[in-house]
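1. build me a model from this:
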Amino acid sequence: MALQISATNPEHPAQLLDLPWNTVLEEWPEACLVPLPRGISRHVVRFASAGPEVVAVKEITERAAVREFELLRGLHRLGIPAVEALAVVTGRTAADGEEIESALVTRHLKGSLPYRSMFESTMRPSTVKRLMDALAVLLVRLHLAGFAWGDCSLSNALFRRDAGAYAAYLVDAETGELHTTLSQGQREYDIELARMNIAGELMDLEASGALHPSIDPVPFGAAIVERYEELWHELTRESVYPLDKRHYIDRRVRRLNDLGFDVAEMRIESSPRGDTVRFLPKVVDAGHHQRQLLRLTGLDAEENQARRLLGDLESWMATQDDYAPGDPLGARPEVLAHRWVRDVFRPTVRAVPLELRGETDTAQIYHEVLEHRWYLSEEAGHDVGLDATVKDYVANVLPQNLTATTVQQIDPAQED
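-> Numbering: from 1, shown residues only. Below you'll find the predicted structure:
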C-alpha cells in the first residue's frame, strides 16, 4: 500500500512529506526532531519539524488514528480546548517492506507543558489546586459539548501557564466518544475515572519525591470531583430575571469569578417573563477579550476592562428587538456592537466631565461606571440604570478619586 497523508489543510501534506515515514518513530533521526518535554503516553510520541510547523506525531493503528483525527476535528469545530489534528499518515512501510503503524499528526500547542514537566520544581499546594481547577473546567466544557472523555487524567492533558493561572487542553481523545448530550451516568463515569487517575498520578509523583509534602494525593484527587460538581451546577442551572433586575446577571458572573473561573461566553435569551441566562465556561488565551472587543467595537482596552465591557455589551444586546442569535434575519453582532458604542458607551463616557477624568482612559471610566451601577443596584434592589449611575458616579465617586490621586502625587518634601 502506498504512503497516504490525509490532511485538513492542502499545505500540510507537502510539509509532512520530508519526514522519515519509512522508519518507526522510535528510530527517527535527531535532525528532524524537536526537543520538547513529552508526557506519559501508551504510544510512541515525538515532536518534529514540518516546514514552519512543530508537530506531534503519535504512532497508532490506522483505525485508531482516523477515529481520533475525526474526534479532534469535531472538538475543534465546537471550540473545545484541544490539540489541533493536522493529518493521518497511513501506508507506511520500512525499507525491507515490513508494515509500520499509521500515525496521527497534531499541531504542537505552543507554550504548553505536560504535568510532569511542571512538577520538576516542587509546586505549592495552591498552584496544584489551580492545575486541578483548569482540568475541572476542561472536563465540564467537554461534557457540555457531549464529549465523554473515557480517560480524564493529568497525563492526557496539556497545561499553559497564564499569570499564575492555568488553561487545560485535551491532548488524547483516543478513548473519547462524541454524543449530542451525555447522561448523568456517562458524566459520573468520567468523573470517577478522573478521581482515580489523578490520585494515582499524584501518588507516583509522591513516590518520586516531586510532590509537595503537604499534599495528600487522595483528597486532591477527590477535590476535582467537588470542583466539577460545583461548576456544573452553577453553569447548567437556568436563571430567569425580570427586566428591571438585569444586575442579577452580574451577580451570577461574580459568583463564578468567586469560584475561581472566568466566563468568556454567555447566552442570554429574552422571554416574556424576563431574561433567561445560560453561561458556558471557556478557557481562553491571554488577550482573548481584548481581541474580541477590538474586533466587535474598535475599542482598545486592557484584558479585564474588555471582559467587563463585553459582558455589558452582551447583556444589552439581549434587550434589542432585532437580537436573534442563529437567525439569518437578525442583526449581526458587529452591527449591534456598533450601535452599543454609539448609543450606550460614548454617551456614558461623555457624561463624565473631562476635568474629573484625569488620566483615566475611557474604557476604565466605563468600567468604573458599571461597577458603581452594580453597587447602587444591589443597594436599591433593582437596576438603577446608566443615567442615574453616571450622575451619582460624577457627584460622589470621581471627586474622591481625584482627591486621593492629588494627595498621592504631593511630594512630601514640598509640604512644609
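2. need the strands for this structure, in chain order.
-> With DSSP state E as the criterion, the chain has strands at 4-7, 45-50, 53-60, 85-90, 102-107, 112-113, 147-148, 157-162, 165-170, 177-178, 239-241, 265-271, 274-280.
3. give me the spatial nearest neighbour of residue 23, chain neighbours excluded.
-> Sequence neighbours aside, residue 94 is the residue nearest to residue 23 in space, at 7.0 Å (criterion: Cβ to Cβ, 6 or more residues apart in numbering). C-beta coordinates here come from the backbone N, C-alpha and C atoms, glycine included.
4. pull the contacting residues for the one you found.
-> Counting by Cβ atoms under 8 Å, 6 or more residues apart in numbering, residue 94 touches 22-24, 100.
5. one more: residue 370?
-> For residue 370, the contact set (Cβ under 8 Å, 6+ apart) comprises 308-309, 312.
6. make JSON lines out of those residues and add pLDDT, neighbour count and distance to residue 232.
-> Below are the contacts of residue 370 laid out as JSON lines (pLDDT from 0 to 100; neighbours: other Cβ atoms under 10 Å; distance: Cβ to Cβ, whole Å):
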{"residue": "308", "pLDDT": "86", "neighbour count": "23", "distance to residue 232": "25"}
{"residue": "309", "pLDDT": "91", "neighbour count": "24", "distance to residue 232": "28"}
{"residue": "312", "pLDDT": "90", "neighbour count": "22", "distance to residue 232": "26"}
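7. pick the one among those residues closest to residue 127.
-> Using Cβ to Cβ, residue 308 comes nearest to residue 127 of the contacts of residue 370, at 26.7 Å.
8. what about the closest residue to the closest one other than its chain neighbours, how many neighbours?
-> Nearest residue to residue 308, sequence neighbours excluded (Cβ to Cβ, 6+ apart): residue 367, at 5.0 Å. By the criterion of other Cβ atoms under 10 Å, residue 367 has 21 neighbours.
9. next up, the contacts around residue 372.
-> Counting by Cβ under 8 Å, 6+ apart, residue 372 makes contact with 389, 392-393, 397.
10. the stretch 151-300 of the chain: helices as residue ranges?
-> Applying DSSP state H, counting those that start in this stretch to the stretch 151-300 of the chain gives helices spanning 184-208, 217-236, 247-258, 288-297.
11. show me what the first one is in contact with.
-> When you say that, I think you mean helix 184-208. If you take Cβ under 8 Å, 6+ apart as the criterion, helix 184-208 is touched by 115-116, 119, 132, 135, 139, 143, 148-155, 179, 211, 215, 217-218, 220-222, 224-225, 228-229, 232.
12. how much does that helix deviate in direction from helix 217-236?
-> 150 degrees (axes from the mean of the first three to the mean of the last three Cα atoms, to 10 degrees).
13. how far is stretch 26-45 from where the chain is centred?
-> Put simply, stretch 26-45 sits 27 Å off its chain's centre (Cα atoms, centre = their mean, to the nearest Å).
14. do me a favour and get the end-to-end distance for that stretch?
-> Using Cα to Cα, to the nearest Å, one end of stretch 26-45 lies 8 Å from the other.
15. quick check: buried residues in it?
-> Buried residues in stretch 26-45, counting neighbours by 16 or more other Cβ atoms under 10 Å, are found at 28, 32, 39, 41, 44-45.
16. which one of these is nearest to residue 316?
-> Checking those against residue 316 by Cβ to Cβ gives residue 39 as the nearest, at 43.7 Å.
17. enumerate every residue touching the closest one.
-> Residues near residue 39 by Cβ under 8 Å, 6+ apart: 114-117, 155, 158, 171.
18. just the buried residues from the residues you listed, in ChimeraX please.
-> Of the contacts of residue 39, the buried ones can be selected in ChimeraX as follows, counting by 16+ other Cβ under 10 Å:
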select :114,115,116,155,158,171
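19. output the contacts of residue 39 as a markdown table; include the columns pLDDT.
-> Below are these laid out as a markdown table (pLDDT from 0 to 100):
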| residue | pLDDT |
| --- | --- |
| 114 | 88 |
| 115 | 86 |
| 116 | 83 |
| 117 | 82 |
| 155 | 90 |
| 158 | 91 |
| 171 | 93 |
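20. is it true that the residue nearest to residue 308 touches residue 307?
-> No. Taking Cβ atoms under 8 Å as the definition, residue 367 is not a contact partner of residue 307, at 9.4 Å.
21. quick one: residue 349 from residue 341, how far?
-> 10 Å (Cβ to Cβ, to the nearest Å).
22. got it, and residue 167?
-> Computed as Cβ to Cβ, the residue 167 to residue 341 distance reads 30 Å.
23. kindly report the same for residue 94.
-> Residue 94 is 62 Å from residue 341, by Cβ to Cβ.
24. now do residue 22
-> Residue 22 is 58 Å from residue 341, by Cβ to Cβ.
25. residue 26 now?
-> 57 Å.
26. name whatever forms a beta bridge with residue 57.
-> residue 46, residue 105 (DSSP bridges).
27. count the residues that sit near it.
-> 24.
28. read off the pLDDT value for residue 162.
-> We have a pLDDT of 48 for residue 162.
29. for the protein, what are the low-confidence residue spans?
-> Under the criterion pLDDT under 70, the flagged ranges of the chain are 1, 10-13, 120-122, 161-165, 238-246, 256-288, 326-329, 401-416.
30. mind listing what's buried in stretch 182-198?
-> 182, 186-187, 189-191, 193-195, 197-198.
31. just stretch 314-328 next, same as before
-> Buried, per 16+ other Cβ under 10 Å, within stretch 314-328: 314-318, 323.
32. and those, which two are the farthest apart?
-> 315 and 323 (10.9 Å).
33. and the helices of the stretch 151-300 of the chain: which comes nearest residue 77?
-> helix 288-297 (18.3 Å).
34. and residue 158, how far from residue 174?
-> 15 Å.
35. for residue 157, same thing?
-> Applying Cβ to Cβ to residue 157 and residue 174 gives a distance of 13 Å.
36. neighbour-wise, which of the two wins?
-> Comparing residue 157 with residue 174 by other Cβ under 10 Å, the one with more neighbours is residue 157, at 27 against 19.
37. so what's the more buried one bridging to?
-> residue 170.
38. can you pull the contacts of it?
-> So residue 157 contacts 115, 135, 138, 168-171 (Cβ under 8 Å, 6+ apart).
39. kindly recompute the last result at 10 Å.
-> 39, 81-83, 112, 114-115, 131, 134-135, 138-139, 149, 166-172 (Cβ atoms under 10 Å, 6 or more residues apart in numbering).
40. how about residue 118?
-> 37, 127-128, 131, 154, 159, 161, 166, 210.
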